[in-house]
Every structure is written in structure tokens, then in C-alpha cells.
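*Asks:* please find the sequence and the predicted model below.
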Amino acid sequence: MSVLHGQSAPDFALTASDGTTVRLSDLRGKKVVLYFYPKDDTPGCTKEACSFRDNLGVLQTMGVAVLGVSADSVASHQKFAQKYGLNFPLLADEGAQVATAYGVWKEKQQYGRRYMGIERTTFLIDENGIIRKIFPKVKVDGHVEEVIEAIRSLEEQQ
């Protein structure tokens with residue numbers, strides 16, 4: 001399954017790095033940046049997470065909640081968040097049900113080996129739970145700035 005621009009974002013309830021349960025539906029009334037990343041504490045994922053961390057103040061002043069999702073465990077997320085001072089929830093999607101619902105759980109290939117994993121993708125969800133922008137196959141450099149720009153242009157359209 002895959003979600004499309006203009007559709008309702010599939011709701012979910014996942015355990016966050018702080019042990020709380022985060023439900024997308026509880027964030028209605030706020031914009032949400034939902035970003036899926038392959039693995040905690042790997043170079044690209046660390047760079048992406050730290051970029052969201054460093055820009056969280058700007059995003060929060062825009063009324064945006066940031067949620068990171070990977071198939072790693074809550075314990076892994078806790079270590080990753082502590083190590084880099086990540087100040088937003090990392091959600092454990094250990095069975096990859098949410099990644100599958102969003103269409104980002106894909107067959108990948110590395111060094112000739114095929115396996116299932118998360119394709120780095122970001123979704124911008126509006127206050128009503130509608131997907132307003134999808135950033136597929138994200139390149140980490142400059143991505144957060146691209147997301148902020150998309151939020152600004154969304155606000156101008158409203």
C-alpha cells in the first residue's frame with residue numbers, strides 16, 4: 001500500500017523513545033513532519049536527525065510537530081536520542097506496519113544482498129491529517145531546509 005498527496009494520513013499508535021504512546025490523530029490541529037529513516041546511529045540517519053534537532057525551534061514556531069520513525073526498538077531509539085540530544089520523538093515501528101501503510105517499506109539492495117527496509121521518505125501532514133507533500137527517496141543534505149520551505153509555501157496557499 002502507498003499513500004498519495006491529498007489523502008488522509010493513515011493513523012497509528014507507536015511507542016516513542018520516551019516510552020509514551022504517540023497517536024497521529026492526537027496531533028490534529030498541528031502540522032506534522034513524519035519522517036521515516038532506515039536505522040538509528042548510522043551516518044545518514046544521524047545527520048538527518050541532527051538537522052531536524054537543530055531546526056526544531058523554527059519548526060515549532062511554525063506550529064509543526066516532528067516525528068521520526070524507523071523499525072528500530074524503543075531501547076535503540078533511547079540510546080540514539082540520548083547520544084545526539086534529539087529533542088523530538090523517535091517512534092519504534094518494529095513490525096514495520098506503519099512503514100508498510102505509508103508505502104516506504106521496500107526491497108533494498110546493498111553489496112548484492114536484497115533485504116526489506118525503510119526507504120528514507122518524509123511526509124508533511126496538515127492540521128486536518130491530510131498529506132500535503134511527500135518527499136520520496138530523501139537526500140539528507142538540505143532536506144530540512146526543503147521541508148521548512150514547503151511548510152512556508154503551504155501557509156501562503158492557505
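*Replies:* Yep, it's here.
*Asks:* any idea of the mean pLDDT for the helix or strand where G44 lies?
*Replies:* G44 belongs to helix 43-54 when assigned by DSSP states H and E. Helix 43-54 shows a mean pLDDT of 95.
*Asks:* cool, and stretch 106-116?
*Replies:* 90.
*Asks:* distance of G103 relative to G117?
*Replies:* Per C-beta to C-beta, to the nearest Å, G103 is found 13 Å from G117. Heads up, the C-betas are built off the backbone N, CA and C, glycines and all.
*Asks:* tell me the centre residue of this protein?
*Replies:* Per C-alpha atoms, centre = their mean, the C-alpha nearest to the average position across the chain is that of Y35, at 1.5 Å.
*Asks:* please look at that one and A65 and confirm they touch.
*Replies:* No. Using C-beta atoms under 8 Å, Y35 and A65 do not qualify as a contacting pair, with a distance of 11.5 Å.
*Asks:* surely S76 touches T15?
*Replies:* No. Applying C-beta under 8 Å as the test, S76 and T15 come out as separate, 11.8 Å apart.
*Asks:* between the two, what contacts are shared?
*Replies:* Overlap of the contact sets of S76 and T15 (by C-beta atoms under 8 Å, 6 or more residues apart in numbering) consists of A92.
*Asks:* what about the chain, any weak spots by pLDDT?
*Replies:* 1, 158 (pLDDT under 70).
*Asks:* longest helix in it, please.
*Replies:* Counting by DSSP state H, the longest helix found in the chain is helix 143-157.
*Asks:* related to what we said a few turns ago, residues contacting the residue nearest to the centre of the chain?
*Replies:* 48, 52, 66-69, 120-123, 138.
*Asks:* next, find the distance separating it from E156.
*Replies:* 23 Å.
*Asks:* ditto for L86
*Replies:* In this structure, L86 and E156 are 30 Å apart, going by C-beta to C-beta.
*Asks:* of these two, give the one with the bigger neighbour count.
*Replies:* Between L86 and E156, counted using other C-beta atoms under 10 Å, L86 has the larger neighbour count: 22 against 7.
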